[in-house]
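Novice: Quick one: sequence and predicted model below, then my questions.
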Amino acid sequence: MKSAYRSVMFYIGQKELEMQYKLNKLVGQCRQKCEAMQEKFTEKLEQVHTAYQKMAKRCQMMEQEIESLSKDKQELQEKYAEKSRQKRKLDEMYDQLRSEYESVKRTAIQPGGNFFPRTEPDLFSGMGNMLDGRDHLRQES
(Lines give C-alpha, C1' and ligand atoms only; values in the text may rest on other atoms or scores of the structure.)
Protein backbone atom coordinates (compact mmCIF):
# COMPACT_ATOMS: atom_id res chain seq x y z
CA MET A 1 0.00 0.00 0.00
CA LYS A 2 2.85 2.30 0.78
CA SER A 3 4.42 1.69 -2.58
CA ALA A 4 1.12 2.33 -4.42
CA TYR A 5 0.64 5.46 -2.34
CA ARG A 6 4.16 6.68 -3.19
CA SER A 7 3.74 5.88 -6.86
CA VAL A 8 0.44 7.83 -6.97
CA MET A 9 2.10 10.71 -5.10
CA PHE A 10 5.01 10.61 -7.54
CA TYR A 11 2.56 10.64 -10.46
CA ILE A 12 0.70 13.60 -8.93
CA GLY A 13 4.02 15.38 -8.31
CA GLN A 14 5.05 14.81 -11.93
CA LYS A 15 1.72 16.10 -13.18
CA GLU A 16 2.06 19.17 -10.95
CA LEU A 17 5.56 19.80 -12.34
CA GLU A 18 4.25 19.35 -15.86
CA MET A 19 1.36 21.74 -15.17
CA GLN A 20 3.75 24.20 -13.52
CA TYR A 21 6.05 24.02 -16.57
CA LYS A 22 3.14 24.55 -19.00
CA LEU A 23 1.83 27.37 -16.84
CA ASN A 24 5.25 29.05 -16.71
CA LYS A 25 5.59 28.63 -20.47
CA LEU A 26 2.11 30.08 -21.02
CA VAL A 27 2.83 32.96 -18.62
CA GLY A 28 6.10 33.63 -20.47
CA GLN A 29 4.30 33.72 -23.81
CA CYS A 30 1.64 36.02 -22.42
CA ARG A 31 4.30 38.26 -20.92
CA GLN A 32 6.09 38.43 -24.30
CA LYS A 33 2.83 39.24 -26.07
CA CYS A 34 2.06 41.91 -23.47
CA GLU A 35 5.52 43.45 -23.82
CA ALA A 36 5.24 43.42 -27.62
CA MET A 37 1.78 45.01 -27.44
CA GLN A 38 3.05 47.54 -24.91
CA GLU A 39 5.91 48.46 -27.27
CA LYS A 40 3.47 48.85 -30.16
CA PHE A 41 1.11 50.93 -28.03
CA THR A 42 4.01 53.03 -26.78
CA GLU A 43 5.16 53.57 -30.36
CA LYS A 44 1.64 54.48 -31.47
CA LEU A 45 1.25 56.78 -28.49
CA GLU A 46 4.49 58.54 -29.40
CA GLN A 47 3.29 58.90 -33.00
CA VAL A 48 -0.01 60.33 -31.82
CA HIS A 49 1.80 62.65 -29.41
CA THR A 50 4.15 63.82 -32.19
CA ALA A 51 1.19 64.38 -34.50
CA TYR A 52 -0.60 66.25 -31.72
CA GLN A 53 2.43 68.49 -31.19
CA LYS A 54 2.65 69.17 -34.94
CA MET A 55 -1.03 70.04 -35.02
CA ALA A 56 -0.65 72.26 -31.97
CA LYS A 57 2.17 74.15 -33.69
CA ARG A 58 0.13 74.35 -36.88
CA CYS A 59 -2.87 75.67 -34.96
CA GLN A 60 -0.66 78.25 -33.28
CA MET A 61 0.74 79.33 -36.64
CA MET A 62 -2.77 79.53 -38.08
CA GLU A 63 -3.94 81.61 -35.12
CA GLN A 64 -1.03 83.98 -35.70
CA GLU A 65 -1.89 84.12 -39.39
CA ILE A 66 -5.53 84.79 -38.55
CA GLU A 67 -4.45 87.56 -36.19
CA SER A 68 -2.21 89.03 -38.88
CA LEU A 69 -4.98 88.82 -41.46
CA SER A 70 -7.40 90.44 -39.01
CA LYS A 71 -4.98 93.34 -38.53
CA ASP A 72 -4.55 93.65 -42.31
CA LYS A 73 -8.33 93.55 -42.74
CA GLN A 74 -8.76 96.27 -40.12
CA GLU A 75 -6.14 98.45 -41.82
CA LEU A 76 -7.78 97.92 -45.21
CA GLN A 77 -11.20 98.76 -43.78
CA GLU A 78 -9.79 101.97 -42.31
CA LYS A 79 -8.12 102.86 -45.62
CA TYR A 80 -11.33 102.06 -47.48
CA ALA A 81 -13.33 104.23 -45.10
CA GLU A 82 -10.85 107.10 -45.59
CA LYS A 83 -10.94 106.72 -49.37
CA SER A 84 -14.74 106.61 -49.26
CA ARG A 85 -14.79 109.83 -47.26
CA GLN A 86 -12.40 111.43 -49.75
CA LYS A 87 -14.51 110.24 -52.69
CA ARG A 88 -17.67 111.55 -51.08
CA LYS A 89 -15.96 114.91 -50.51
CA LEU A 90 -14.73 114.99 -54.12
CA ASP A 91 -18.20 114.06 -55.37
CA GLU A 92 -19.67 116.92 -53.33
CA MET A 93 -17.04 119.31 -54.69
CA TYR A 94 -17.70 118.05 -58.23
CA ASP A 95 -21.44 118.52 -57.81
CA GLN A 96 -20.89 122.01 -56.43
CA LEU A 97 -18.61 122.93 -59.32
CA ARG A 98 -21.05 121.46 -61.82
CA SER A 99 -23.90 123.50 -60.36
CA GLU A 100 -21.73 126.64 -60.42
CA TYR A 101 -20.76 125.89 -64.01
CA GLU A 102 -24.39 125.36 -64.98
CA SER A 103 -25.32 128.59 -63.25
CA VAL A 104 -22.57 130.54 -65.04
CA LYS A 105 -23.50 128.87 -68.32
CA ARG A 106 -27.14 129.90 -67.92
CA THR A 107 -26.23 133.51 -67.15
CA ALA A 108 -23.78 133.65 -70.08
CA ILE A 109 -26.42 132.41 -72.53
CA GLN A 110 -28.88 135.18 -71.65
CA PRO A 111 -28.69 138.21 -73.96
CA GLY A 112 -26.29 140.84 -72.73
CA GLY A 113 -28.00 143.85 -74.37
CA ASN A 114 -29.18 145.12 -71.02
CA PHE A 115 -25.77 144.91 -69.40
CA PHE A 116 -23.73 147.06 -71.80
CA PRO A 117 -25.90 149.67 -73.58
CA ARG A 118 -23.99 151.54 -76.30
CA THR A 119 -24.59 155.21 -76.32
CA GLU A 120 -21.29 156.03 -78.05
CA PRO A 121 -20.71 155.49 -81.73
CA ASP A 122 -18.69 152.53 -82.87
CA LEU A 123 -15.07 153.71 -83.25
CA PHE A 124 -14.19 151.11 -85.88
CA SER A 125 -17.18 151.49 -88.14
CA GLY A 126 -15.36 153.86 -90.52
CA MET A 127 -12.19 151.85 -90.80
CA GLY A 128 -13.19 150.22 -94.05
CA ASN A 129 -13.21 153.59 -95.83
CA MET A 130 -9.91 154.61 -94.41
CA LEU A 131 -8.25 151.42 -95.60
CA ASP A 132 -9.67 151.91 -99.04
CA GLY A 133 -8.26 155.41 -99.07
CA ARG A 134 -4.86 154.24 -97.97
CA ASP A 135 -4.69 151.74 -100.76
CA HIS A 136 -5.31 154.53 -103.26
CA LEU A 137 -2.50 156.57 -101.80
CA ARG A 138 -0.09 153.73 -102.22
CA GLN A 139 -1.08 153.19 -105.80
CA GLU A 140 -0.41 156.84 -106.64
CA SER A 141 3.04 156.86 -105.16
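Specialist: Happy to help now that I have it.
Novice: distance of the most centrally placed residue in the chain from Lys54?
Specialist: By CA atoms, centre = their mean, the chain has its centre lying nearest to Leu69, at 5.5 Å. Here the distance between Leu69 and Lys54 works out to 22 Å (CB to CB, to the nearest Å). Heads up, the C-betas are built off the backbone N, CA and C, glycines and all.
Novice: Over to Glu16?
Specialist: Going from Glu16 to Lys54 by CB to CB gives 56 Å.
Novice: next one: Ala36
Specialist: From Ala36 to Lys54 the distance is 27 Å (CB to CB).
Novice: same thing with Cys30?
Specialist: As judged by CB to CB, Cys30 and Lys54 stand 36 Å apart.
Novice: What of Phe10?
Specialist: According to CB to CB, Phe10 stands 65 Å off from Lys54.
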